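Undergrad: sequence? don't have it. structure:
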């Protein structure tokens with residue numbers, strides 16, 4: 001599942017493509033949220049850029065996101081602890097789908 005709810009926090013399963021021309025949301029599938037990230041995959045630059053990008057698209061503070069898996073992989077797991085606005089996995093998926101349509 002691309003988004004899971006666990007103990008009032010969301011787990012986002014990501015598929016990241018580094019070295020893109022620009023950072024953007026590619027797709028949302030059943031398995032993962034696919035992102036293109038402009039930063040290269042070296043010295044944690046892409047990981048930092050992923051967290052920055054997520055904070056931008058969710059209009060949340062960066063500290064609400066934590067990389068919990070896939071430190072050196074394109075498949076990553078991120079814990080998202082929203083303060084407001086998102087209460088269900090469906091809320092997050094609808095938000096992402098709305099971003100894809102713009």
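TA: Structure received. Just so it is clear, the model here is predicted, and its values are computed rather than measured.

Undergrad: show me where this protein has strands.
TA: 3-6, 9-17, 24-28, 33-36, 65-69, 75-80 (DSSP state E).

Undergrad: got the contact list for the second one?
TA: This points to strand 9-17. 1-5, 26, 31-37, 46, 50, 54, 68, 70, 74-82, 86, 89, 92 (Cβ atoms under 8 Å, 6 or more residues apart in numbering). No exception for glycine: its C-beta is placed from N, CA and C like everyone else's.

Undergrad: how about 7 Å then?
TA: Strand 9-17 is contacted by residues 1-4, 31-37, 46, 50, 74-81, 89, 92 when judged by Cβ atoms under 7 Å, 6 or more residues apart in numbering.

Undergrad: what's the answer for the fifth one, then?
TA: In this structure, residues lying in contact with strand 65-69 by Cβ under 7 Å, 6+ apart are 47, 51, 54, 55, 76, 77, 78, 79, 80.

Undergrad: out of the strands of the chain, nearest to residue 42?
TA: strand 9-17 (13.4 Å; Cβ to Cβ).

Undergrad: buried stuff in that closest one?
TA: By 16 or more other Cβ atoms under 10 Å, the buried positions in strand 9-17 come out as 10, 11, 12, 13, 14, 15, 16.

Undergrad: ditto for stretch 63-81
TA: Applying a neighbour-count criterion of 16+ other Cβ under 10 Å, one finds 64, 65, 67, 70, 74, 76, 77, 78, 79, 80 buried in stretch 63-81.

Undergrad: show me what contacts residue 64?
TA: Residue 64 neighbours (Cβ under 7 Å, 6+ apart): 80, 81, 82, 83.
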